[in-house]
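Asks: requesting a structural model of the entry that follows:
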Amino acid sequence: MTSQKSADMPEMHARSSFLSNFILGSQDGLVNVLGILLGLTAATSDIRIIFVAAFAALGAESISMGAVAYTSTLARRKQYLKEVSREETEMREMPEKEKSEVRYVFQKWGYQGEELERLTEMIASRPKAWLEFMMSHELQLEPVGEQEPRRSFIVVLSSTVFGSFIPLIPYFLVGKDVFLGAAGSVAVSGAVLFIVGYYEARTTVGSLWKSGLQMAAIGLAAGLAGFLIGHFIGAAPT
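Replies: Alright, predicted model coming up:
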């Protein structure tokens with residue numbers, strides 16, 4: 001039973017990491033392009049200008065988000081490896097101090113007396129278990145695999161591209177009627193954001209409807225800000 005749980009933990013962590021990266025990229029791409037589309041629609045009726053700006057934003061935002069995901073995940077991996085090296089040194093050079101830290105964790109969990117000492121000695125007798133115990137329960141750090149920075153880059157970049165295309169779809173369908181495209185973009189984007197928030201709550205915790213509406217409200221508020229900025233700048237005298 002224990003070995004099965006241990007085997008499932010990397011898979012669960014990978015799914016959680018994928019979900020958070022996918023939501024990050026798709027939401028950012030969708031909201032960013034929606035704001036640009038609505039801002040430009042309020043300022044101009046030239047569909048060509050709108051498309052050029054939206055696709056330029058899509059390309060720049062996707063690469064930028066992917067790069068940020070890569071560097072931040074790589075930084076977490078470096079931090080983890082540094083702490084592993086430090087813990088290994090302390091376990092080797094100051095074993096009693098490290099054992100006392102194990103004992104302190106068990107004490108916080110309510111263990112006392114002989115049971116506390118037995119558990120502490122059991123952990124300290126297995127260097128691999130000891131190290132993992134300290135990383136997880138003392139430092140509260142999760143392991144970051146060697147391939148995870150590259151995986152984060154790919155997931156965030158591709159999900160940002162995916163999210164960025166969603167508000168563009170109605171503009172492709174309505175031809176040169178940019179205001180009809182904007183209305184369709186708001187409707188489609190709001191629906192997709194709601195689904196993303198709903199799914200996030202379903203796979204984690206929280207109210208399904210509240211999470212969906214919250215995600216949609218945040219995205220549409222950003223789109224409204226883009227529209228208002230485009231409207232006032234476009235209406236300003238030159």
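Asks: quick one: the strands in this structure, in order.
Replies: Read by DSSP state E, the chain holds no strands at all.
Asks: and the residue sitting furthest away from the middle of it, how far from A124?
Replies: Distance from the centre of the chain peaks at E114, with 43.6 Å (C-alpha atoms, centre = their mean). Note on E114: its distance to A124, by C-beta to C-beta, to the nearest Å, is 16 Å. Heads up, the C-betas are built off the backbone N, CA and C, glycines and all.
Asks: now swap in M135 and tell me
Replies: With distances taken as C-beta to C-beta, M135 is found 15 Å from A124.
Asks: cool, G110 as well?
Replies: Counting by C-beta to C-beta - G110 and A124 are separated by 20 Å.
Asks: of these two, which one has the most company?
Replies: More neighbours surround A124 than the other of G110 and A124, with 18 against 8 (other C-beta atoms under 10 Å).
Asks: could you count how many residues lie near the closest residue to the more buried one other than its chain neighbours?
Replies: Excluding the flanking residues, the one nearest A124 by C-beta to C-beta, 6 or more residues apart in numbering is K99, at 5.0 Å. For K99, the count of nearby residues is 17 (other C-beta under 10 Å).
Asks: ditto for G212
Replies: 22.
Asks: then V52?
Replies: Residues near V52, counting by other C-beta under 10 Å, number 12.
Asks: I figured I123 hits E132, correct?
Replies: No: with contact defined as C-beta atoms under 8 Å, I123 does not reach E132; the gap is 9.4 Å.
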